[in-house]
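# Sequence plus predicted model, see below.
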Amino acid sequence: MPILRPNTLEFVSRSPDQTRRIGMRLGTWLQAGDVVALEGELGTGKTTFIQGMVMGWGSSDAVTSPTFVLVNVYRRSDGARFYHLDAYRLHNPHELMEWDLVGMMEEGPIAVEWADRIRSWLPEDRLTVRLRWLAEEQRNLWFEAHGERSMRLLRHLRKEILGG
């Protein structure tokens, strides 16, 4: 188990609803340019966490994993967009080149499932969330901020979760 550093936060979720609520809390702070990189095996709750982020961000669109289309776009009533990428089927990061990642970042926040497959192509300033299966409904969520903006997001989340 890693030792907690100022740029990390560890949380044990006891249910899918709690995982979704943590995502909602993070989602309220997301803005254009923010990248949340999710890592974890199949069934660890990545899509559930993103459902919460999208709800907290303010979209009522249904969130599903974009495994077969690579990118889903969710919208708010003000026209803002939230991008949800799934890198599972990418064989190499060059396949991401056809998507305008920089353009997406200018329009809205981006959540990337299976981010470890394209880590070298993601911006340096990103919030990484590693999800690990503990028990039937329990998941370990490990947050790590890489950069100034993601550090601010982590501080907001820490305050929301821990109250400090």
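Right, received. Where do you want to start? Numbers count the residues shown, from 1 in each chain.
# And the helices in this protein?
Assigned by DSSP state H, the helices in the chain fall at 16-27, 46-57, 101-107, 148-162.
# Among the ones you listed, which one carries the weakest average confidence?
Mean pLDDT is lowest for helix 101-107 among the helices of the chain, at a mean of 69.
# give the contact list for residue 41.
The neighbourhood of residue 41, defined by Cβ atoms under 8 Å, 6 or more residues apart in numbering, consists of 132-133. Backbone N, C-alpha and C define where each C-beta goes, glycine included.
# Recalculate using a threshold of 7 Å.
Applying Cβ atoms under 7 Å, 6 or more residues apart in numbering to residue 41 gives the contacts residue 133.
# How about the one 4 residues further on?
For residue 45, the set of contacting residues under the criterion of Cβ under 7 Å, 6+ apart consists of 16, 19, 131, 139.
# before we move on, what about residue 157?
For residue 157, the residues meeting the contact criterion (Cβ under 7 Å, 6+ apart) are 9, 25-26, 143.
# of all those residues, which comes closest to residue 149?
Taking Cβ to Cβ as the measure, residue 149 lies nearest residue 26 of the contacts of residue 157, at 12.9 Å.
# related to what we said a few turns ago, now the contacts of residue 45 in TSV, with distance to residue 41?
Conversion of the contacts of residue 45 to TSV gives the following (distance: Cβ to Cβ, whole Å):
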residue	distance to residue 41
16	16
19	15
131	8
139	11
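# Filter these down to the buried ones, ChimeraX style.
Those of the contacts of residue 45 that meet the burial criterion (16 or more other Cβ atoms under 10 Å) are gathered into one ChimeraX selection, given here:
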select :19,131,139
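# can you count the residues close to residue 117?
By the criterion of other Cβ atoms under 10 Å, residue 117 has 20 neighbours.
# so which of the contacts of residue 45 comes closest to residue 42?
Distance to residue 42, by Cβ to Cβ, is smallest for residue 131 among the contacts of residue 45, at 10.6 Å.
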